[in-house]
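K.L.:
Below is the structure, and that's it, no one-letter string:
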């Protein structure tokens, strides 16, 4: 079983990496870019086949390690 | 218009961040985790409404800046 976790900064939190990406793209002539945000994409290989249990466990992994609840939000997909 | 770009390491390329995530999760008791991979998720806000043109331009952005073609692969979604 695979879990895909998208971790991204909460709205309003300063995103220096996103700002750097947007600035660099504009300098390269990509003027259509108005804003950029950069987050993390974590893929986990999991033993087992119970997707509901896996979703709960991955949620716990996010709360305890993979996402900083103060400034980050996350979304979990189990495949 | 929004573009979502998933940048991830090519198979076979050493992924120290992924290894660190997997190791930490096991140390915390999440034994069902057998492997982890970490990539980047970049969201761009774009002017314009021509999705085909946008896809081509974002592909060029990936080739020139957002992904390292030697060790990374990328996938583009236009919304």
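P.N.:
Received, thanks. All values derive from a computational prediction rather than experimental measurement.

K.L.:
What score does residue A:79 have for pLDDT?
P.N.:
pLDDT for residue A:79: 88.

K.L.:
quick one: it and residue A:44 touch, right?
P.N.:
No. Using Cβ atoms under 8 Å, residue A:79 makes no contact with residue A:44, being 10.4 Å away. C-beta: built from backbone N, CA, C; applies to glycine.

K.L.:
Looking at the two, which is more packed in?
P.N.:
residue A:44 (28 against 10; other Cβ atoms under 10 Å in any protein chain shown).

K.L.:
State the phi and psi torsions of that one.
P.N.:
Dihedral pair for residue A:44: phi -120, psi 140, per degrees, to the nearest 10.

K.L.:
what's the spacing between it and residue A:54?
P.N.:
Counting by Cβ to Cβ, to the nearest Å, the gap from residue A:44 to residue A:54 is 9 Å.

K.L.:
joint contacts of these two?
P.N.:
By the contact definition Cβ atoms under 8 Å, 6 or more residues apart in numbering or on different chains, residue A:44 and residue A:54 are jointly contacted by residue A:3.

K.L.:
Can you pull the residues of chain A lying near chain B?
P.N.:
A:6-8, A:18, A:21-22, A:24-25, A:28, A:30-48, A:54, A:57, A:60-61, A:64-66 (Cβ under 8 Å from any Cβ of the partner chain).

K.L.:
Near residue A:66, how many residues? Count them for me, please.
P.N.:
23.

K.L.:
who touches it in this structure?
P.N.:
Neighbour list for residue A:66: A:5, A:7, A:40, A:42, A:74, B:21 [criterion: Cβ under 8 Å, 6+ apart].

K.L.:
cool, and residue A:13?
P.N.:
A:71, A:72.

K.L.:
distance of it from chain B?
P.N.:
14 Å (Cβ to the nearest Cβ, to the nearest Å).

K.L.:
which element is that residue on?
P.N.:
For residue A:13, there is no host helix or strand (DSSP states H and E).

K.L.:
for chain A, what spans make up the strands?
P.N.:
In chain A, the strands defined using DSSP state E lie at A:2-9, A:33-46, A:72-78.

K.L.:
now those in TSV, with distance to residue B:13?
P.N.:
Below are those laid out as TSV (distance: least, Cβ to Cβ, whole Å):
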stretch	distance to residue B:13
strand A:2-9	19
strand A:33-46	14
strand A:72-78	23
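
K.L.:
re earlier: compare the contacts of residue A:66 and tell me which has the most neighbours.
P.N.:
residue A:42 (26 neighbours).
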